[in-house]
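Novice: Predicted model and sequence below, questions to follow.
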Amino acid sequence: MALYLVTGAAGFIGAALAAALVRAGHEVVGADNLSTGFRENVPAGVRFFYGDCGLPDLYGGILPARPYDAVFHIAGQSSGEISFDNPLYDMQANAASTLRLSRFALDNGCTRFIYAGSMSVYGVQPDAPAREDAPCRPESFYGVSKLASEHYLRLNERYGMRFTSLRLFNVYGPGQNMTNMRQGMVSIFMAMMLKDGHIRVKGRPDRYRDFVYIDDVVRAFTACLERRESEGRALNIGGSGRITVGALTDKLAALSPTPVNVGYAGGTPGDVHGIYADMTLARECLGYVPRMSLDEGLARMYAALTAQSPA
């Protein structure tokens, strides 16, 4: 039985990953500051600690009796838009927490570090699948902090760190925070649709993204444990390929039994017109191929949400 640390264990991706590791028979320690996650999201069987990875107070609690077999660093501020509100907090929540946590891991005998990176590191890209060797020119403070985190991890390789950064594209699925209206395009649009049948979009319908279902993301993280080829790399984890915002809202509206109105206005700071993933390297290094189609993933998420709603 392996011992793993999962930060962000009360959030969307961290909770799903921690649950998968517990189901596989492993011992899991979870940590979260509950700034966007919820205590009830922490899976049964996870030994949970409240605290912030960017601050020293957490680390006495999560000090392991034996070295962690791997650290999964999922926690952080995860909205490009929100990063403009307080760039210093964003740096603390992302770059500083990664540096502190990675040094803690090394100091306590753990050299395997798997990081939740982001497609936001790329910034503006041509209308073609983004490759990992594309120039990285982030357009948001969030993107800068995620890229800085990768650089810190790469510097730590000289001390024995074996890191992988999974550059996640637009993750969605059951369990996503439906109350955060500034992070997660699918969850924002679906929450609006369920509330009053009106999706209000910031930006143009011809923008495009790559949407990846939560189960595929979890598979990518767990594959890092088995595939040594992933070490020392940043890997794109996408799902749907190039999907316009207009096409996404059409697919969402088709799920509703009542008419849905869609309006477009304004924009979001740091938003790029479009990006989608070249996943060649993830396939070669992880055997990663997304299994969930966008249509099926949206249907599952919608069904899960409507099943929870009062009659």
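Specialist: Yep, that arrived.

Novice: So which residues of the stretch 1-150 of the chain form helices?
Specialist: With DSSP state H, counting those that start in this stretch as the criterion, the stretch 1-150 of the chain has helices at 12-23, 80-83, 87-91, 97-107, 141-155.

Novice: Mind splitting the protein into its structural domains?
Specialist: Domains of the chain are assigned by automatic domain parsing as 3-172+211-239+279-286, 185-208+241-275+293-308.

Novice: Okay, and Ala234 sits in which element?
Specialist: strand 233-237 (DSSP states H and E).

Novice: Pull up the pairing partners for the helix or strand that that strand is followed by, direction included.
Specialist: Following strand 233-237 in sequence order, the next helix or strand is strand 243-244 (DSSP H and E). Strand pairing for strand 243-244, determined by DSSP bridges: strand 208-209 (antiparallel).

Novice: Can you show me the helices along the stretch 201-311 of the chain?
Specialist: Going by DSSP H, counting those that start in this stretch, the stretch 201-311 of the chain shows helices at 214-223, 245-255, 280-286, 294-308.

Novice: Show me where this protein dips below the pLDDT cut-off.
Specialist: 309-311 (pLDDT under 70).

Novice: just to revisit the earlier point, tell me which of the domains of the chain approaches Thr179 most closely.
Specialist: When the domains of the chain are compared by Cβ to Cβ, domain 185-208+241-275+293-308 sits nearest Thr179, at 7.5 Å. Placement of C-beta: from N, CA and C, glycine included.

Novice: first to last residue in the closest one, what's the distance?
Specialist: Terminal residues of domain 185-208+241-275+293-308 lie 21 Å apart, using Cα to Cα, to the nearest Å.

Novice: going forward, begin numbering at 15 instead of 1
Specialist: In the new numbering, first residue 15, that becomes domain 199-222+255-289+307-322.

Novice: Please give the centre-to-centre distance between it and its chain.
Specialist: Relative to its parent chain, domain 199-222+255-289+307-322 has a centroid offset of 18 Å by Cα atoms, centre = their mean, to the nearest Å.

Novice: Quick one: residues in contact with the strand holding Ala248.
Specialist: Strand 247-251 has contacts (Cβ atoms under 8 Å, 6 or more residues apart in numbering) with 131, 133, 135, 144-146, 164, 178-183, 226, 230-231, 234, 291-293, 295-296, 299-300, 302.
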